[in-house]
Structures are given as structure tokens and as C-alpha cells.
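Engineer: here you go, sequence then predicted model.
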Amino acid sequence: MSSVKTVLASIRIGWYRDFGWTNPVTGFLMKTIAPVASVLSASIVYWLGSSAAGSFDPSHVSYIIVGAALYSHVAAYSWVPSQAISEGKWSYVFPQVFISPKSSTPFLVGRCLASFVTSTLTSLISLAFAYYVAAAIFKSSIPFIVTPLSMILLLGALLANVPATLGLGILLAAYTIFASKFEWALPTYVAGLLMVFSEALFPVSVLPWPLSAFGNVLPFTQFIRAAREAVVYGSVSAYSYYVGYSLLGGLLFLGVSLWAYRWAERQGRKKGIIDRKVV
Amino acid sequence: MESRLWLRALYARMWVRVMSVFNEPLWIAVNIGFPFFSSVGLGLLYSSTGLRSFVGFAILGGIMISFWGNVLWSMASQFYWDKQVGLFEIYLTSPAPMTAILIGMSLGGVVNTAPSAVLVAVAGWLFFAPPLSPSWLAVGLTFALTLASLYAMGMMLSSLYLAYGREAESINEALHEPVSLISGVYFPSIGNFSPFPFSVQVFASLIPLTIGMDALRRALFFSQGLSSIYLHLIVLSMR
């Protein structure tokens, strides 16, 4: 019960950190601009290349819009636990959490969940906005299934992906306990790797083996496939397979990550790593 | 005497910045992450459309995005970090001219970003081998002028950012992608191939990166020499 209270308090801290510097509407708009631009960039690259090659297919624009919006979504909240530690070392918030008798895991989970909610909203807005802008600038009708069922399925996929993303976040946080410099650069690598390996912009089969096999087993890849089935292709059976894979793979990954974090936390306490000078 | 002080302040600020990276090679690994993966990702997207000849746009975009990132995070918001650690007060109370500090910071930033940009270029060209048709004199001149105007924009933004506190980080995060989109880092955002309406193209042309990217693409991939891109160069020089 006390862990639930810690998670809820941490969610509040996360939102306060993200929006406390301004009014919530401005803060929210600022967080939405980047994913919208990122989704449009990828769509335009496809439009330009395929138009010049004479192979433009409007349904592939939907494929890219969904992939680009959702890989940014995963990237946006997967690095929050790591950020909570690295930023917390500067602001002395994390040492306070760290020396408390309980594990710091609920604190990190809460921060990650706060960011999940924010990022879910910004991603859905990016999807909608990019869809309309892309349809206008490419002068094409872009297929998109917008029904109550497809929206519920999309939301289901977003929720099923939480364990995998939380797992990635907790794993990065385990590393950040030991790192005393450059840990803030991890998000760029996480976002970049997800862009290439999670089938965000192109099928992983484009990658050479074994990279394609690696991309294929990632729960994030299955999550993006499930979301595409929900709003682009409309196959509920394929959706169920991908979402199930994403959820189970994510839970397994989360279990491993929690174990790694516990170990890192124990080592951190024993060796006083948290007090290392931050450069 | 004043010009000597100015040059010494410039050299000192540049030296500190250059040493901060070259004494810690891990910085290069830190800087290369985003430009490298976005080049590879968008390069693969270009090649998946069946058009390999545009893959070079993605690599060139990765190179230039390294510098844009540096301008945003290490020029525009630098004084914010400096304020946090108490360095900015020292700048203000010292006799060192602020213009020399800004230009020293810019030159140091260019030197520091160059290794990551070169690595992105080498890796991109090894991985994709995109077709090139360069006019090297035009490429070199455009590149130099683009960097100069980009860092000048960074100096201008740094004075704006002085007014901000924690907002600086959020503003940077919000600015990075939209400016990359509008200025056509990975695709032409002005001219015949642009997907944008004319009004957006006019707005985009106010950003030096837009003009620089357009000229670089013309010089590097379509063998257009100085006679074809002189208007771009004049505009960049005026910034």
C-alpha cells in the first residue's frame, strides 16, 4: 500500500517537474511540437523518395505516421527513470530517495508513468495532426481507421507496451546509478536505436541479419505492429498476436530489469556510488 | 590593447571548450548518437522507397544536425548553464568582452562538433555509398558560410535565453525538431521539390540553415557551382 502511495506521489512530482515551470497548456504544447515535427519529417522523406521513384502509396504514409509517432512515444518516457536519477544527482533529490529505507523503484515507476500519460496524449495528438497535415501537403487520401473499436485497440496496445518501456527505463536507471557523467546522453541513443530497430519507419527485414532478427524479437516492434493493425490494417487476430507478444515480452523484460536495478541499488548502497562526484 | 584583450578572451574561451572535448573523447560518442541514428534511419527509409540517389540527403542532414544541436545546446542555452554554475557572473565582472566570449564559444563548438560530423559522414558513406556529384569549391564555401550564420544565430539566441531559467531546456527540446523540419535538413524544404506551400517556404528562408542546406544539396549532389548558388551565398553572408 505504501508503495502505491509512493508511486502516486512520484507521478505528481513528474507532472510538476514537466509543467511546473509554466502553465499546463503551454507546457503541453511545447511537448507536442517535437513529436509532430518528427512524424512529419519522416512522412515527407517517404513522400519525396517514393514520388521520385514513382512508388508513392498513401497507405504507407499511415504506416510511417503510426511508427514515427509511437517510437517517439516510447523514447519519450523510457528515459525518464534514468533522467530522474541523473537530474536528481544534481538537484540532490535522488540521494534523499536513495538513502531512504525503501527501494527507489516506486519513485522511478511513478516518474515513468507520469511521463507515459503525457506522452500518450502528445503522441495521439501528433498522430491526428500529422494525418491531416500529410493529407493536405501530399494531396492524397491517407487511410486511417478511426472507429471506437480501433481507438480502444490502440489504447490497449499503448497500455500493453508499458511493461516493456518501463523495463527499458529501469534497466537504463540501473546503469545511471553507476554513471557519473554523460548518462544524460542515453536518450539520444535510445531514440536512435528504436528508430532503426523497432520497425518505426521501415520493415526490420530491410536490416541485414542478425540485426533484422534482433529487431524482430523486440516487444517494441510488436507494439508498433499491433498499433498499425488497430488503425491501419484492421486485422483483430494479427493485433491480438502482436499485443500478446508485446505484453509477455515486456513483462519478461521488466522482470529482468527490476532484478538488474535491485542489484545496482544494492551495489550503490554498499559502495557509496551515489556520492561520486558528478561531472 | 583592446583588440589584444579581445583576441585573448576569444582564444581562452575557445581553448576551454576545445579541451573539454579533446581531453574527454567520450564526448564524441555522446555527440554522434542522434545524428548517426537519424541518418541511418532516414537513409534506410529513402532506400526502402527504391530511390537510392536521395540517400545522401539523409547523411548530409545527419552531418548538419550535429552542428544545429551544438548551436542549440551549447550556444543558445550555454549562458543558462553558466548562470547555474556561477560562471556567467565572472564573465560580466571580468574585462573580457562578451562578443569575444561568444565567438570563442562558437569556434570551439565548431571544432568540437567536427569529429562527430566527420564520423557520421564516413559511416554514412561507407554504409550507403550514395552517388555524389560535387562542386567542391561551392561545397566548401557554402559549408563555411552556413556554419558562420548558424553560430551567429546561436549567439543571438544566447542573449534571448539569458532571460530564461528552467524553460531553456524545454524550449530547446521544442525547437530542435521543428527547425529541422522547416529548414529541410533531410529533404528540400524550399524550391521545386518542397512539400510546403509558398508562405511556409518564405518563412523557412528566414532560417540560415534552410538556405545553407539547399545550397549544400545543390553543390554536393547536383554539381551546381558558384554561378548557380551565388544568391544563396549572398543571403548567407548577409546573416
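Structural biologist: That came in fine, so what should we check first? Only a predicted model underlies this, so the values are computations on that prediction, with no experimental measurement involved.

Engineer: so who does whichever residue of chain B sits closest to chain A touch?
Structural biologist: Closest residue of chain B to chain A, C-beta to the nearest C-beta: residue B:37 (2.4 Å). All C-beta atoms are positioned from the backbone trio N, CA, C, and that covers glycine. Neighbour list for residue B:37: A:188-189, A:191-193, A:195-196 [criterion: C-beta atoms under 8 Å, 6 or more residues apart in numbering or on different chains].

Engineer: closest to residue A:157 out of those?
Structural biologist: Nearest to residue A:157, judged by C-beta to C-beta, of the contacts of residue B:37 is residue A:195 at 18.6 Å.

Engineer: the longest helix in chain A is where?
Structural biologist: helix A:236-271 (DSSP state H).

Engineer: where does chain B dip in pLDDT?
Structural biologist: B:1, B:165-166, B:239 (pLDDT under 70).

Engineer: that one: helices as residue ranges?
Structural biologist: B:2-22, B:26-48, B:55-70, B:78-84, B:87-93, B:98-128, B:136-161, B:167-182, B:198-204, B:208-221, B:226-238.

Engineer: what about residue 108, neighbour count?
Structural biologist: With no chain named, the answer covers chain A. 28 (other C-beta atoms under 10 Å in any protein chain shown).

Engineer: I was after chain B.
Structural biologist: 24.

Engineer: OK, contacts around it?
Structural biologist: Contacts of residue B:108 (C-beta under 8 Å, 6+ apart): B:13-18.

Engineer: can you check residue B:96 too?
Structural biologist: B:5, B:9, B:12-13.

Engineer: which among those count as buried?
Structural biologist: The neighbour-count test (16 or more other C-beta atoms under 10 Å in any protein chain shown) marks B:9, B:13 as buried among the contacts of residue B:96.

Engineer: excluding sequence neighbours, find me the nearest residue to the residue of the stretch 51-200 of chain A found nearest chain B.
Structural biologist: Closest residue of the stretch 51-200 of chain A to chain B, C-beta to the nearest C-beta: residue A:192 (2.4 Å). Among residues not flanking residue A:192 along the chain, residue B:37 sits closest, at 2.4 Å (C-beta to C-beta, 6 or more residues apart in numbering or on different chains).

Engineer: the one you found and residue B:18: what is the separation?
Structural biologist: 26 Å (C-beta to C-beta, to the nearest Å).

Engineer: phi and psi next, for residue B:205.
Structural biologist: phi -70, psi -10 (degrees, to the nearest 10).

Engineer: check the contacts of residue B:108 and tell me the two furthest apart.
Structural biologist: The widest separation within these (C-beta to C-beta) is 9.8 Å, between B:13 and B:18.

Engineer: okay, now residue B:203: neighbour count?
Structural biologist: 12.

Engineer: now residue B:133
Structural biologist: The burial count for residue B:133: 12, using other C-beta under 10 Å.

Engineer: give the contact list for the closest residue to residue B:185 other than its chain neighbours.
Structural biologist: Distance criterion C-beta to C-beta, 6+ apart; nearest residue to residue B:185, sequence neighbours excluded, is residue B:61 at 4.2 Å. Counting by C-beta under 8 Å, 6+ apart, residue B:61 touches B:38-39, B:42, B:180, B:185-186, B:213.

Engineer: again, but for residue A:102
Structural biologist: A:2-3, A:6.

Engineer: what of residue A:33?
Structural biologist: Residue A:33 touches B:174, B:177-178, counting by C-beta under 8 Å, 6+ apart.

Engineer: any idea how far the residue nearest to residue B:178 when sequence neighbours are not counted is from residue A:63?
Structural biologist: Excluding its sequence neighbours, the residue lying closest to residue B:178 (C-beta to C-beta, 6+ apart) is residue A:37, at 4.3 Å. In this view, residue A:37 and residue A:63 are 19 Å apart by C-beta to C-beta.

Engineer: what of residue A:46?
Structural biologist: 9 Å.

Engineer: I only care about the contacts of residue B:108 that end up buried; give me the PyMOL line for that.
Structural biologist: To isolate the buried ones among the contacts of residue B:108 in PyMOL, judged by 16+ other C-beta under 10 Å, type:
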select buried, chain B and resi 13+14+17+18
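
Engineer: convert the C-alpha atoms of stretch A:56-74 to CSV, please.
Structural biologist: What follows is stretch A:56-74, C-alpha atoms only, in CSV (Å, rounded to 0.1, in the frame of the first residue of the first chain):
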residue,chain,number,x,y,z
PHE,A,56,4.1,6.5,-53.7
ASP,A,57,1.5,4.6,-51.7
PRO,A,58,-0.8,6.6,-49.3
SER,A,59,-1.3,3.5,-47.1
HIS,A,60,2.5,3.5,-46.5
VAL,A,61,2.2,7.1,-45.2
SER,A,62,-0.1,5.8,-42.5
TYR,A,63,2.5,3.1,-41.8
ILE,A,64,5.1,5.7,-41.2
ILE,A,65,2.9,8.2,-39.3
VAL,A,66,2.0,5.4,-36.8
GLY,A,67,5.6,4.1,-36.5
ALA,A,68,7.2,7.6,-36.1
ALA,A,69,4.6,8.8,-33.6
LEU,A,70,4.9,5.6,-31.5
TYR,A,71,8.7,5.2,-31.5
SER,A,72,8.9,8.8,-30.2
HIS,A,73,6.4,7.9,-27.6
VAL,A,74,8.5,5.0,-26.3
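
Engineer: list the buried ones in that stretch?
Structural biologist: Those would be A:56, A:60-74, for stretch A:56-74 by 16+ other C-beta under 10 Å.

Engineer: count of neighbours near the residue nearest to residue B:213 when sequence neighbours are not counted?
Structural biologist: Residue nearest to residue B:213 in three dimensions, not counting chain neighbours: residue B:184, with 5.4 Å by C-beta to C-beta, 6+ apart. Per other C-beta under 10 Å, the neighbour tally for residue B:184 reads 29.

Engineer: same question, residue A:211
Structural biologist: Residue A:211: 13 neighbours (other C-beta under 10 Å).

Engineer: hmm, it is touching residue A:217, no?
Structural biologist: No: here residue A:211 does not reach residue A:217: they are 11.4 Å apart, not a contact under C-beta atoms under 8 Å.

Engineer: next up, the contacts around residue B:55.
Structural biologist: B:43, B:46-47, B:128, B:130.

Engineer: surely the residue of the stretch 51-200 of chain A closest to chain B and residue B:42 touch.
Structural biologist: No: using C-beta under 8 Å, residue A:192 is not in contact with residue B:42, being 11.1 Å away.

Engineer: quick check, central residue of chain A?
Structural biologist: residue A:74 (1.0 Å; C-alpha atoms, centre = their mean).

Engineer: isn't that one right up against residue A:199?
Structural biologist: No: Residue A:74 is beyond contact range of residue A:199, at 12.0 Å (criterion: C-beta under 8 Å).

Engineer: what residues does the stretch 101-250 of chain A put near chain B?
Structural biologist: With C-beta under 8 Å from any C-beta of the partner chain as the criterion, the stretch 101-250 of chain A meets chain B at residues A:137-138, A:181-182, A:185, A:188-189, A:191-193, A:195-196, A:200-203, A:206-207.

Engineer: brilliant, that's me finished.
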